[in-house]
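Colleague: here is my input, please return the structure:
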Amino acid sequence: MGHSTSRHNARAGAGGEGGSGDEPPPPPLPSRFSRFRTRLRLRRRDRCADPSGSGKPAVAVAADEFAGIARIRIVKADMRFKDKFFACLSLGERTYRTETSDNTHKPVWNSEKKVVIETNGPHIARVSVFETNRFSKNTLVGYCEVDLLDLLTKDLEEEHIQDLALLDPSSSSNTLGTISISCYIEDPVETEQSFARRVLAIVDYNEDGKLSLSEFSDLMKAFGNGLAVNKIEELFRQADTNGDDIVDMDELAALLADQQEKEPIISNCPVCGESLGKYDKINDMIHMTLCFDEGTGNQIMTGGFLTDKQASYGWMFKLSEWANFSSYDVGLRSGSTASHILVFDRRAQRLVEEAIDGKIVLSMRALYQSKVGLTLINSGVKDILRNLSEKQGKKMNSTESAKDIPKFLDLFMGQINMDETKDPIESFKTFNDFFVRQLKPDARPIAYNGQDNIATCAADCRLMAFSSVDESTRFWIKGRKFSIKGLLGADAHFDAFTNGSLVIFRLAPQDYHRFHVPVSGIVEKFVEIPGCLYTVNPIAVNSKYCNVFTENKRTISIISTSEFGKVAFVAIGATMVGSITFLKKEGDYVHKGDEFGYFSFGGSTVICVFEKDAIQFDADLLGNSERSLETLVQVGTTLGTSKRNKEPQVPELQKCSLE
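Modeller: Numbering: from 1, shown residues only. The predicted model follows:
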C-alpha cells in the first residue's frame, strides 16, 4: 500500500537535486503479483506435456512405422469396493483420465481416447483405477494392461468389448474384479476415409453427406490456404468428377489426396488452427484426425498428463504443487529441482513416477542444491549422515522392525510385486531380512544366457548409460571434479578406463536390492574405499556442490573378461546404506546373471566402467540418457554388445521380447 508511490517520489526528488529535473520519472516496478504471473506463464510455456491432451505424437511419425490409430474406450468396472472411482489410461509418455464415476461398486465411465500406434513404438496400454479422495492423493486400487499390437493380428471388423481382470497392485496373482474395455485399431486407409468424413461434416449443414459449391467454398476458407481460396470453383470442378454439381465424401477424399501430392490445400488445422505441412501427409492427417471430436457421444478423456500418478492427485495437492512451481518435465530438471522423479519403464514403454516423500525432497534440495547446504555438509553433516545410517542399520536388524514391512509395502504399492519373492512375507524376522529378499529362480531370466558378448543389466534399477565420461558429466553427473580415476581410486584404476564407457544403476528403496554380474569373467580383486554416505538421489547427483560418486563409501571389483576386457564393478553406499555385502571372492569365475551381492536398507548405486570402445550400449538406453531420463530396467535384460566381437548385433525386436 503506497510503496510504489513512495519509491517514485524519492527518485524524483533525487533527480531534482542532482539533475535538470526534466527527466521523466522511471516506470513503477512490477508488483509482486505481476512478477508471480510472469513466472507462471514462463513455467507453463516450458512444460513438455501436451497441453491440449489431443494425443498427437511429440515428433513426426515415419510413414512405414504408422500402424494405425487406436480408439480405446474404458466402459465400466465391477469391483469389490464401495466408493467413487476414476480411471487413467497410460501409453508411452502420455496419460489420460476419465471423469469420476457417479456410481459406486460398479462404476461406469464410457470414456474414450484415440492414440497413435507405431510398429516399433509403445504398445502396452495400462489402465489404472483409483479410489477418489478430494483432499489428498487418490488411492490406486487396481490395474490391467492391454497389448495394442496384438489387436492388429485379430482382424476385428468392428469395435470389440472385452472384460479383463483388474489386478491387485501389490500382487498380480490377485484379482479385485473386472474392467470392461473396448479397443479398436483403424488401418491407415480407414483413417484417411474417416478423416475425409469429418472434414466434410464441418460444413455439411444439411447433413446429407454432400457438399454444394457454397459449402465447399466455406470448407476451403476453413483450411486457411489463400491460394486455394482464389481458385475455389476450379477445385470444386476438379473434385466433382461425375459432374452432378455436388462433391461427396469419396470425391473430397480423392481431391485431398491428389492435392496433397501436388499443392496441399490445407494450411491450418480447422480445429486448433495449428500450421500444417511441417512433416508430411500422414502426419497432417494424424494431427487433424486426433483433433476432431469423434462424434460417438462418449466422453473424451482429459489429457495433458505424463503419468497416471500425476493424473490422480487430488485438487488440494494440485494447488500446493501449482503454488510451488513444481515441474513434471521429462529430463534433468525433474530429477534435480522438482519434487517428482520421472523414469521411463523399459518393459511397459511408458513414463512412471518414483515414489518419494515430499518432506525428504525438500530436505535434500536444501542440503544438496545450495551453497548453504554445501557449508553444512563441510561442517559436520557427513558425520551426521554416517551416524544416522549406522543407527538405522541397527534398527532395521531388530525383530521390532518387522512390523514396518506392511507399511513399506503400502508406501510403494504397485512398485513391489510380492509374487516374485522367494519366501513368504511371514518368514522375514527383521526389516532387513525383507529388504535383501531373494526372488524366485525364474523371476529374472538372463537374456542370451551363454552368449558372453552380450552384457546384461546388473540390478533392478533406474539406469543411465554413457559412451564416455564427457557425456555423463554433460547430461547427468554435475559434481565439480568427477573422473573415472577419482571414482576407482589408484588401486583399481587402469589407463584403459580413463576414456571408457560407464553405466549407472541406481537402486531406489522399493527395488530388489541384490545386484548381479553383468558380464562373464574372473574376479581379479576387490578394493574398498572409505567415504561419506550422501544420498544417491538425482537431486544430489545433479548437484554442482558435492561429488556423490567419488566421495561416498564404495567397494570396487575388477572383472577380467574375454569379450569386454576389464570391467570395473563399483558398489556405492548411500544414506541409510552402511552395508555392502559381496557373495563372491577374488579368483572366482562368474557367469553373467550370477548373484554378486546385496545392499542393506536404503537406496544405493552400482556403476560399471568399461574400457574405451569395449561396449555398444543398447540404443534405447543411450537415447533416454541423452535426454537426462533414467530408464527403469530389471536384472538380466540386455545392456549392450561387445564391440570387440564382430558377431551380428542383437536384433532390436528380439531385445524387446526378452524384456
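Colleague: tell me where the stretch 151-300 of the chain has strands.
Modeller: 160-168, 171-186, 210-211, 247-248, 299-300 (DSSP state E, counting those that start in this stretch).
Colleague: out of those, which comes closest to residue 81?
Modeller: Residue 81 sits nearest to strand 171-186 of all the strands of the stretch 151-300 of the chain, at 7.7 Å, using C-beta to C-beta. Any C-beta I mention is one placed from the backbone N, CA and C, and that applies to glycine too.
Colleague: so which of the strands of the stretch 151-300 of the chain is nearest residue 493?
Modeller: With respect to residue 493, and counting by C-beta to C-beta, the nearest of the strands of the stretch 151-300 of the chain is strand 171-186 at 44.2 Å.
Colleague: end to end on stretch 613-622, go ahead and measure it.
Modeller: 15 Å (C-alpha to C-alpha, to the nearest Å).
Colleague: hmm, who's touching it?
Modeller: Applying C-beta atoms under 8 Å, 6 or more residues apart in numbering, the contact partners of stretch 613-622 are 346, 455, 463, 465-467, 500-501, 503, 564-565, 567, 631, 633, 638-644, 649, 652, 655.
Colleague: quick one: residue 437 from residue 195, how far?
Modeller: 53 Å (C-beta to C-beta, to the nearest Å).
Colleague: how about residue 290?
Modeller: For residue 290, the distance to residue 195 - C-beta to C-beta - is 10 Å.
Colleague: ditto for residue 237
Modeller: 23 Å.
Colleague: the helices in the stretch 1-150 of the chain, which residues?
Modeller: 3-18, 32-46, 148-152 (DSSP state H, counting those that start in this stretch).
Colleague: still on that earlier bit, tell me which of the contacts of stretch 613-622 fall in strands.
Modeller: 455, 463, 465-466, 501, 503, 567, 631, 633, 638-642 (DSSP state E).
Colleague: so who does residue 216 touch?
Modeller: By C-beta under 8 Å, 6+ apart, the neighbours of residue 216 are 203, 232, 235-236, 239, 247.
Colleague: again, 10 Å this time
Modeller: Listed by C-beta atoms under 10 Å, 6 or more residues apart in numbering, the contact set of residue 216 reads 200, 203, 210, 232-233, 235-236, 239-240, 246-247, 252, 255.
Colleague: now the residues you listed in CSV, please, with extra columns for neighbour count, distance to residue 493 and pLDDT.
Modeller: Shown next, in CSV, are the contacts of residue 216 (neighbours: other C-beta atoms under 10 Å; distance: C-beta to C-beta, whole Å; pLDDT from 0 to 100):
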residue, neighbour count, distance to residue 493, pLDDT
200, 21, 70, 74
203, 18, 72, 78
210, 18, 78, 86
232, 18, 74, 86
233, 10, 79, 87
235, 20, 72, 88
236, 22, 76, 90
239, 21, 73, 88
240, 18, 78, 91
246, 18, 80, 90
247, 26, 75, 87
252, 19, 70, 82
255, 20, 69, 81
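Colleague: okay, and which of those map to helices?
Modeller: 200, 203, 232-233, 235-236, 239, 252, 255 (DSSP state H).
Colleague: can you report phi and psi for residue 241?
Modeller: Dihedral pair for residue 241: phi -70, psi -30, per degrees, to the nearest 10.
Colleague: ok, and the closest non-adjacent residue to it?
Modeller: Nearest residue to residue 241, sequence neighbours excluded (C-beta to C-beta, 6 or more residues apart in numbering): residue 251, at 5.9 Å.
Colleague: repeat that for residue 564.
Modeller: Nearest to residue 564 is residue 614, by C-beta to C-beta, 6+ apart, at 4.7 Å.
Colleague: one more: residue 588?
Modeller: residue 523 is the one closest to residue 588 (C-beta to C-beta, 6+ apart), at 4.9 Å.
Colleague: equivalent analysis for residue 144, please.
Modeller: Residue 144 sits nearest to residue 164 (C-beta to C-beta, 6+ apart), 4.5 Å away.
Colleague: now do the helix or strand where residue 410 lies: which elements does it pack against?
Modeller: Assigned by DSSP states H and E, residue 410 falls within helix 405-411. If you count contacts as 3 or more C-beta pairs under 10 Å, 6 or more residues apart in numbering; DSSP states H and E, helix 405-411 packs onto helix 431-435.
Colleague: who's in contact with the helix it packs on?
Modeller: 392-405, 407-409, 416, 418, 421, 423, 425, 427-428, 509, 511-513, 579, 598-602.
Colleague: do that again at 8 Å, thanks
Modeller: By C-beta under 8 Å, 6+ apart, the list of residues contacting helix 431-435 reads 393, 396-397, 401-402, 404-405, 408, 425, 427-428, 513, 600-601.
Colleague: roughly how far does the most centrally placed residue in the chain sit from residue 330?
Modeller: For the chain, the residue nearest the mean C-alpha position is residue 351 (2.5 Å; C-alpha atoms, centre = their mean). Per C-beta to C-beta, residue 351 is found 7 Å from residue 330.
Colleague: list residues touching both of the two?
Modeller: With C-beta under 8 Å, 6+ apart as the test, residue 351 and residue 330 both reach 93, 306, 342.
Colleague: for those residues, give me TSV that also has pLDDT, distance to residue 101 and neighbour count.
Modeller: TSV is the format used below for these (pLDDT from 0 to 100; distance: C-beta to C-beta, whole Å; neighbours: other C-beta atoms under 10 Å):
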residue	pLDDT	distance to residue 101	neighbour count
93	88	26	20
306	85	24	26
342	86	28	23
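Colleague: ok, back up a step: same list (the ones in helices among the contacts of residue 216) but as a markdown table, adding distance to residue 168.
Modeller: Formatted as a markdown table, the ones in helices among the contacts of residue 216 follow (distance: C-beta to C-beta, whole Å):
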| residue | distance to residue 168 |
| --- | --- |
| 200 | 48 |
| 203 | 51 |
| 232 | 61 |
| 233 | 65 |
| 235 | 59 |
| 236 | 60 |
| 239 | 57 |
| 252 | 51 |
| 255 | 54 |
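Colleague: if we only consider those residues, which is nearest to residue 441?
Modeller: residue 200 (60.2 Å).
Colleague: so how many other residues sit close to residue 441?
Modeller: 8 (other C-beta atoms under 10 Å).
Colleague: please name the residues that touch it.
Modeller: Residue 441 neighbours (C-beta under 8 Å, 6+ apart): residue 422.
Colleague: mind checking pLDDT for it?
Modeller: Predicted confidence (pLDDT) for residue 441: 90.
Colleague: what's it sitting at in phi/psi?
Modeller: Per degrees, to the nearest 10, the backbone of residue 441 is at phi -60, psi -30.
Colleague: give me the beta-bridge partners of residue 439?
Modeller: Following DSSP bridges, residue 439 is listed with bridge partners residue 421.
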